[in-house]
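1. Below are the sequence and a predicted model; questions follow.
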Amino acid sequence: MKIYTVIILLFLISCKMSQVPTKRTVSEATLRLKGRVDKIDKKISELDSKIVLLEDNDKKMNDSIKSIENNFLEYISNNTNTYHIEKNDMTHLFAIFFDFNRVVIKKLYHERISIIAKILKTNPDINIEIVGHTDKVGSEKTNIDISKKRAESVLKELIEGYDINPDRLSITIKGETDPLSKIYDDVNRRVDLIFSR
C-alpha cells in the first residue's frame, strides 16, 4: 500500500513540476511578448506619421482656401465696378456655410454678406433668392426647421445690417433634399444666395 502511495505522490509531484515555468519558457514568452509589443509600436508610429501628414495637408488646404478668399475679397474691395452685374449675367451664386446644427452666421462670412449687399445696392434691379439647406443628419422636420432658420439669419443680416429692401429678398427651404455632396456633410450645411432679375 505504501508503494502505491509513494508512486501516486511522485506522479502528482512530477505533474506539478511540469506546470512550473522554467527560465527557458519564461524567456520564450518574454521574447514573444516583446515581438508583439514591437509590432504594435511600429503600427502606432505608422499611424502617427499618417495623422501628422493628414493634419499638415488639412492646414495647407485651409491656408489655400483662406488665401483665395482673401485675394477675392481684396480684388472686390479694390474694384468697385465688379459689383455691377451685366444685363446678360442673370444668375450669380454665393454660399454661406454653417456649423453642424447651427443657424448663426460665422464671422468669416460677414465679409461675403457685405459684398452681396454692395452688389444689391449697385444693381437695384436684381433680387436674391436665399435658399436654406442642411445635411442628412436628423429628421426631415428638424432639417426643414434648421434650413429655414439659416435662411432667415442671412435675410435678417441683409435687412438689418445693410438696409436691403425685404421686397428684393425671398426665402426657399430645401432641408436635406439638395446636397452638394453625398459624402461630405460640411458643404451641405449652407445657404445659397442666387441673384436674378
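-> Structure's in. What do you need? Numbers count the residues shown, from 1 in each chain.

2. Output stretch 105-115 in PDB with nothing but the alpha carbons.
-> Taking C-alpha atoms only, stretch 105-115 is exported to PDB below (Å, rounded to 0.1, in the frame of the first residue of the first chain):
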ATOM      1  CA  ILE A 105     -23.600  83.100 -39.400                       C
ATOM      2  CA  LYS A 106     -19.900  82.500 -38.800                       C
ATOM      3  CA  LYS A 107     -17.600  85.600 -38.600                       C
ATOM      4  CA  LEU A 108     -15.700  84.700 -41.800                       C
ATOM      5  CA  TYR A 109     -18.900  85.000 -43.800                       C
ATOM      6  CA  HIS A 110     -19.800  88.500 -42.700                       C
ATOM      7  CA  GLU A 111     -17.400  90.000 -45.300                       C
ATOM      8  CA  ARG A 112     -19.100  87.900 -48.000                       C
ATOM      9  CA  ILE A 113     -22.600  89.200 -47.000                       C
ATOM     10  CA  SER A 114     -21.100  92.700 -47.100                       C
ATOM     11  CA  ILE A 115     -20.100  92.100 -50.700                       C
END
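
3. Name the residues of that stretch that come out as buried.
-> Residues Ile105, Tyr109, Arg112, Ile113, Ser114, Ile115 are the ones in stretch 105-115 that count as buried (16 or more other Cβ atoms under 10 Å). For every residue, glycine as well, the C-beta is placed using N, CA and C.

4. List phi and psi for the third one.
-> For Arg112, the backbone dihedrals are phi -60, psi -40 (criterion: degrees, to the nearest 10).

5. which SS class is the residue nearest to it when sequence neighbours are not counted?
-> Spatial nearest neighbour of Arg112, excluding adjacent residues (Cβ to Cβ, 6 or more residues apart in numbering): Phe94 at 6.1 Å. With DSSP: H, G, I helix; E, B strand; the rest coil as the basis, Phe94 sits in strand.

6. Could you list which residues are in contact with Phe94?
-> Contact partners of Phe94, counting by Cβ atoms under 8 Å, 6 or more residues apart in numbering, are Arg112, Ile115, Ile116, Asp192, Leu193.

7. before we move on, back to that, sort out for me which of the buried residues of stretch 105-115 are in strands.
-> Applying DSSP state E to the buried residues of stretch 105-115, no entry is found in strands.

8. List just the nearest of these to Glu129.
-> The shortest approach to Glu129 among the buried residues of stretch 105-115 belongs to Ile113, at 15.1 Å (Cβ to Cβ).
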